[in-house]
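Q: Following is a predicted model, sequence given first.
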Amino acid sequence: MNFRRTAWLASAVAAAVSAQTPAPSVAPAELRPYEASYELVTHGLNAGVSSFDLRQDGADTWTFVSHNRPRGLFRLFSSASLTLTSHMRVSKDGVQPLLFTATPPDGGPPNAEVHFDWDKNRATGIQDDTPIDMPVKPGVQDDLSVQIALVHALLAGQTPAGIAMFDKDGSRDYDYARVGEETLHTPVGDVATVIYESHKANSPRRTRFWCAPQYGYVPMRAEQKRDGEVEWTMSLLSVQLK
């Protein structure tokens, strides 16, 4: 299990709110800070709880943090406990990652620390013990900023045709498509969602996100399948818009 997978396996937030939190009556027109937490089930096993915290640092700068609390055998995987952090710039033109880190809970050396210089369109740092100094194309996202890029596009009334994700071996291109609607029964009540699916060319995996317009398109559920078989699901435990 690597930190790239746990980014969506964990999609939830540690400082979660109670199930009685009322849903907003009007979908927010702009990106808002939020906290959310999810239960992760992988291959039929309860793998733990994952949390996300999106906060605004400045006029156009944001930080998105994912914490994982693995359970049982999943605690044996050091990568399952990594804290992922993305510092990013968000404007009307979209989302630009600035710094991505993956740090172990014991405070040891980071598994990843990638700096993005958009004046030079270049990424530098380290990922999985591999030094990085490489060009990046405009629009590329890191493993956390990609989630905010999707939410940002949906808030603007758009579905991204595709999003490229950074990798030490080069970017990975994902197509996105709206594939349906569903009302989910969640701890915060019945929530109407629209379903979006991402897929990388020539990959057997497809990932779906159940995004809730009334919560600013924060996902209520996520699921990944490989050749039609469910590999993991994330189900909402709590959510709070700030």
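A: Received the coordinates, thanks.

Q: Look through the chain and tell me its longest strand.
A: Longest among the strand segments of the chain by residue count, using DSSP state E, is strand 172-186.

Q: tell me how far the next helix or strand after that strand is from the chain's mean position?
A: In the C-terminal direction, the helix or strand that comes right after strand 172-186 (DSSP states H and E) is strand 189-200. Chain-centre distance of strand 189-200: 14 Å, with CA atoms, centre = their mean, to the nearest Å.

Q: do stretch 93-106 as well
A: Relative to the mean C-alpha coordinate of its chain, stretch 93-106 is positioned 11 Å out (CA atoms, centre = their mean).

Q: list the buried ones in that stretch?
A: Along stretch 93-106, the positions that meet the burial threshold by neighbour count (16 or more other CB atoms under 10 Å) are 94-98, 100-103. Where C-beta positions appear, they are placed from N, C-alpha and C, glycine not excepted.

Q: now swap in stretch 194-205 and tell me
A: Within stretch 194-205, judged by 16+ other CB under 10 Å, the buried ones are 194-199.

Q: try stretch 56-65
A: Of the residues in stretch 56-65, those scored as buried under the neighbour-count criterion (16+ other CB under 10 Å) are 62-65.

Q: if we can go back for a sec, what's the closest of the buried residues of stretch 93-106 to Glu231?
A: Sorting the buried residues of stretch 93-106 by how near they are to Glu231, with CB to CB, puts Ala102 at the top with 20.8 Å.

Q: what's the lengthiest helix in the chain packed up against?
A: Scanning the chain for the helix with the most residues, using DSSP state H, yields helix 145-155. Packed against helix 145-155 by the contact rule (3 or more CB pairs under 8 Å, 6 or more residues apart in numbering; DSSP states H and E) you find strand 61-70, strand 83-91, strand 94-103, strand 162-165, strand 189-200, strand 205-212.

Q: Where among those is average confidence lowest?
A: For the helices and strands packed on helix 145-155, the stretch scoring lowest in mean pLDDT is strand 162-165; its value is a mean of 87.

Q: sorry, back to before: most widely separated two among the buried residues of stretch 93-106?
A: Of all pairs drawn from the buried residues of stretch 93-106, the one with the largest separation by CB to CB is Gly94 and Thr103; the distance is 26.4 Å.

Q: in this structure, which helix or strand is least confident?
A: Comparing every helix and strand of the chain by mean pLDDT, DSSP states H and E singles out helix 3-9 as the least confident one, with a mean of 41.

Q: helix or strand right after that helix?
A: Along the chain past helix 3-9, the next helix or strand (assigned with DSSP H and E) turns out to be strand 34-42.

Q: Give the buried residues for that following strand.
A: Neighbour-count burial for strand 34-42, with 16+ other CB under 10 Å as criterion, is recorded at 34-42.

Q: any chance of these in a markdown table, plus distance to Glu229?
A: What follows is these, written out as a markdown table (distance: CB to CB, whole Å):
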| residue | distance to Glu229 |
| --- | --- |
| Tyr34 | 31 |
| Glu35 | 32 |
| Ala36 | 26 |
| Ser37 | 26 |
| Tyr38 | 21 |
| Glu39 | 20 |
| Leu40 | 17 |
| Val41 | 14 |
| Thr42 | 12 |
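
Q: got TSV for the residues you listed, with pLDDT and distance to Arg89 too?
A: What follows is the buried residues of strand 34-42, written out as TSV (pLDDT from 0 to 100; distance: CB to CB, whole Å):
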residue	pLDDT	distance to Arg89
Tyr34	96	18
Glu35	97	21
Ala36	97	22
Ser37	96	26
Tyr38	96	26
Glu39	95	32
Leu40	92	29
Val41	92	34
Thr42	90	33
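
Q: Nice, that's everything, thank you.
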